[in-house]
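Asks: No letters, just coordinates:
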């Protein structure tokens, strides 16, 4: 796809070529009107040859052929042009187009030689036309050639610098895009790991506890009850896993009333948990509802696994500019400052909950001490305008 720079260069080439054609026609008419037919024949033939060589060279330039193909044509053009302008100085004004074409065709010292030859031939032709007396006719084209060379070199350096800057910016953008993709992959991995922890892992851990209890008391009636509970948990885990595979979303989250969804999620792990709502229910963004559900699942699962609690409660609170979630248990408690880092054997729950809450601009706090129970409190801000298409209004 042609760039803006390529399009501009193409327009300049068209102007130069049209200028050359117009000046050649005007110069030919002037020469024919001022000279005899005998002189016109050979000069006009040489002018036609110059035009043909110019057209072939310009066509090669337009097709962007290799510079090696230009060399014989440009050498022939410069030689023919030098002969024409010396014999008929009326064509001297066309030197500008020849100069730019030589600088396009040649690079380095070859470009300077070709441009210098064009300027020198023009100077000789004009000096000859003055009867070899007007020194300005000799020095003028040489000075103009030197000035054009300096200007052309400056333009080429600026263009090369611009291309380099463009390449640097393109490379930086590609590197930034690559880093953004890597960051997106890392974020997605964190999100998926939290989803798996808050659903599958917690459910499997609770099912394992129930099955171990059933094994110890088998064949008592309580063992059968524990097996039934474990089976129910595993079935729900299977449904959650299928949902994660397809959508990574909670079943019924978009349609079920939030208090009922929280109660259903909590009672998978602690059957006697109570759920209550304070404040006036307001529409919540779907991502906040999802986070509330997952934090509830993870917190209540931890109560089941670690707290040895008799009672647990979940409180959903609606404030004017925020929504809160408090999960309380009267279990054995722990020292939040002494929680070991996450490892393959566990310890991921609190970290996952905190990441989930903070990702939405909220805060999560843990209040606990040995023997005093635990309160996990999460608060999500609701300052931004809620999109009705992405939220569900809570029932009154």
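Replies: Good, I have the coordinates. Not measured: the values here are computed from a predicted model. Residues are numbered from 1 along each chain as shown.
Asks: same for the longest helix anywhere in the chain, what does it pack against?
Replies: Secondary structure of the chain per DSSP state H: the longest helix is helix 135-196. The contact analysis (3 or more C-beta pairs under 8 Å, 6 or more residues apart in numbering; DSSP states H and E) places helix 135-196 against helix 4-34, helix 95-105, helix 109-129, helix 221-246, helix 349-359. C-beta here means a position set from N, CA and C on the backbone, and glycine is covered the same way.
Asks: What's the mean pLDDT across it?
Replies: Averaged across helix 135-196, the pLDDT comes to 76.
Asks: got the angle between it and helix 349-359?
Replies: Helix 135-196 runs at 130 degrees relative to helix 349-359, counting by axes from the mean of the first three to the mean of the last three C-alpha atoms, to 10 degrees.
Asks: Ranked by average pLDDT, which of the helices and strands packed on helix 135-196 falls at the bottom?
Replies: Minimum mean pLDDT among these: helix 221-246, a mean of 68.
Asks: ok, the closest residue to residue 126 other than its chain neighbours - how many residues close by?
Replies: Among residues not flanking residue 126 along the chain, residue 137 sits closest, at 4.0 Å (C-beta to C-beta, 6 or more residues apart in numbering). Residues near residue 137, counting by other C-beta atoms under 10 Å, number 21.
Asks: Which stretches in the stretch 201-350 of the chain count as strands?
Replies: For the stretch 201-350 of the chain, the strands defined by DSSP state E, counting those that start in this stretch occupy 274-278, 284-285, 312-319, 322-329.
Asks: Same list (those) but as TSV, adding mean neighbour count and mean pLDDT.
Replies: Listed next are these as TSV, based on neighbours: other C-beta atoms under 10 Å; pLDDT from 0 to 100:
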stretch	mean neighbour count	mean pLDDT
strand 274-278	15	92
strand 284-285	20	89
strand 312-319	19	94
strand 322-329	22	94
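Asks: Could you say which one of those comes nearest to residue 298?
Replies: The closest of the strands of the stretch 201-350 of the chain to residue 298 is strand 322-329. By C-beta to C-beta, the value is 9.1 Å.
Asks: neighbouring strands for that closest one, and are they parallel or not?
Replies: Sheet partners assigned to strand 322-329 using DSSP bridges are listed as strand 312-319 (antiparallel), strand 374-381 (antiparallel).
Asks: Which one of the ones you listed lies nearest to residue 35?
Replies: Evaluated with C-beta to C-beta, the strands paired with strand 322-329 place strand 374-381 nearest to residue 35, the distance being 90.9 Å.
Asks: domain parsing for this protein?
Replies: 4-133, 256-396 (automatic domain parsing).
Asks: from the helices and strands packed on helix 135-196, which stretch is densest packed?
Replies: Among those, ranked by average contacts under mean count of other C-beta atoms under 10 Å, first place goes to helix 95-105 (a mean of 23).
Asks: I'd like to know which elements that helix is packed against.
Replies: helix 4-34, helix 37-62, helix 67-87, helix 109-129, helix 135-196.
Asks: and the closest residue to residue 58 other than its chain neighbours, how far is that from residue 24?
Replies: Leaving aside its sequence neighbours, residue 58 sits nearest to residue 17 (C-beta to C-beta, 6+ apart; 5.7 Å). To residue 24, residue 17 is 11 Å away according to C-beta to C-beta, to the nearest Å.
Asks: on that earlier part again, kindly reformat the domains of the chain as CSV containing distance to residue 178.
Replies: Putting the domains of the chain into CSV (distance: least, C-beta to C-beta, whole Å) gives the following:
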stretch, distance to residue 178
domain 4-133, 26
domain 256-396, 23
